[in-house]
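Colleague: sharing a model that was predicted from the sequence below.
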Amino acid sequence: MNQTASDRVRWTTTDIDLLPENEGTRYEIIDGELFMTRAPHWKHQRTCLNITLELEVWSRSSGLGQASITPGVLFSETDNVIPDVVWASHERLAVLLDEAGHLTGAPDLVVEVLSPGVENERRDREAKLKLYASRGVKEYWIADWRLQQVEVYRRENARLTLIATLLDHDELSSPLLPGFSCAVSRFFV
């Protein structure tokens with residue numbers, strides 16, 4: 001018997017609270033679908049740290065916002081994710097942070113660092129791209145430490161559209177981050 005979309009289990013944030021705590025396991029829900037991932041590769045973590053560092057140094061000098069690694073973003077009961085890196089303006093943070101310190105809506109910028117595997121790529125390139133677009137993220141970067149490249153998606157006509165694939169020798173800048181400029185290679189050291 002084939003399972004239809006309406007027959008499948010729809011996970012919620014409450015369901016995650018009932019799952020056993022496994023060290024290094026991360027649970028995310030996108031459109032009611034549960035994704036479980038293990039602790040990422042060392043280079044994945046280094047890439048997250050480097051991107052956050054570049055964004056945070058710029059943020060402190062500009063005074064425009066803050067960057068963070070792996071914050072919880074609780075869009076709804078059925079859309080609960082943990083992006084690798086986010087950046088949000090001070091104005092958005094004032095509105096989005098709940099009492100538990102989680103974001104309850106779209107940060108300005110979301111960065112996902114690809115993990116190996118078809119399921120991981122599908123999650124970041126399809127499910128999360130669709131979720132972030134529908135929730136109002138202004139810019140989405142997908143970083144690949146193996147290929148040393150960054151795909152930049154920018155909001156155009158209520159969609160996140162791929163506007164550039166930058167390689168390690170390219171400079172990354174963004175109208176979202178006035179004055180920010182960084183060699184892509186700095187993300188992968």
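Modeller: Looks like it came in fine.
Colleague: make it CA atoms for all contacts and neighbour counts henceforth
Modeller: Fine.
Colleague: tell me the confidence at the most centrally placed residue in the chain?
Modeller: The residue lying closest to the centre of the chain (CA atoms, centre = their mean) is residue 83, at 3.3 Å. On pLDDT, residue 83 comes in at 95.
Colleague: equivalent analysis for residue 3, please.
Modeller: The model's pLDDT for residue 3 equals 47.
Colleague: so, low pLDDT: which residues of the protein?
Modeller: For the chain, residues meeting the criterion pLDDT under 70 lie at 1-7, 22-24, 39.
Colleague: quick one, what contacts the closest residue to residue 83 other than its chain neighbours?
Modeller: Spatial nearest neighbour of residue 83, chain neighbours left out: residue 70 (5.3 Å); criterion: CA to CA, 6 or more residues apart in numbering. Counting by CA atoms under 8 Å, 6 or more residues apart in numbering, residue 70 touches 82, 83, 84, 85, 86.
Colleague: distance of the residue nearest to the fourth one when sequence neighbours are not counted from residue 119?
Modeller: Here the nearest residue to residue 85 in space, its sequence neighbours aside, is residue 69; by CA to CA, 6+ apart that works out to 4.5 Å. Distance, residue 69 to residue 119, by CA to CA, to the nearest Å: 22 Å.
Colleague: is it true that the residue nearest to residue 85 touches residue 50?
Modeller: No - applying CA atoms under 8 Å as the test, residue 69 and residue 50 come out as separate, 10.3 Å apart.
Colleague: looking at those two now, which is surrounded by more residues?
Modeller: In terms of neighbours (other CA atoms under 10 Å), residue 69 is the more surrounded of residue 69 and residue 50; the figures are 18 against 15.
Colleague: just the helices in this protein please.
Modeller: Applying DSSP state H to the chain gives helices spanning 13-18, 42-62, 90-96, 118-122, 128-135.
Colleague: by neighbours, which of the contacts of residue 70 wins?
Modeller: residue 86 (27 neighbours).
Colleague: for the residue found closest to residue 40 once you drop the neighbours it is linked to in the chain, what are its contacts?
Modeller: Excluding the flanking residues, the one nearest residue 40 by CA to CA, 6+ apart is residue 115, at 7.0 Å. Contact analysis of residue 115 by CA under 8 Å, 6+ apart lists 40, 41, 44, 121.
Colleague: confirm for me that the last one is in contact with residue 114.
Modeller: So that's residue 121. Yes - Residue 121 is within contact range of residue 114, at 6.5 Å (criterion: CA under 8 Å).
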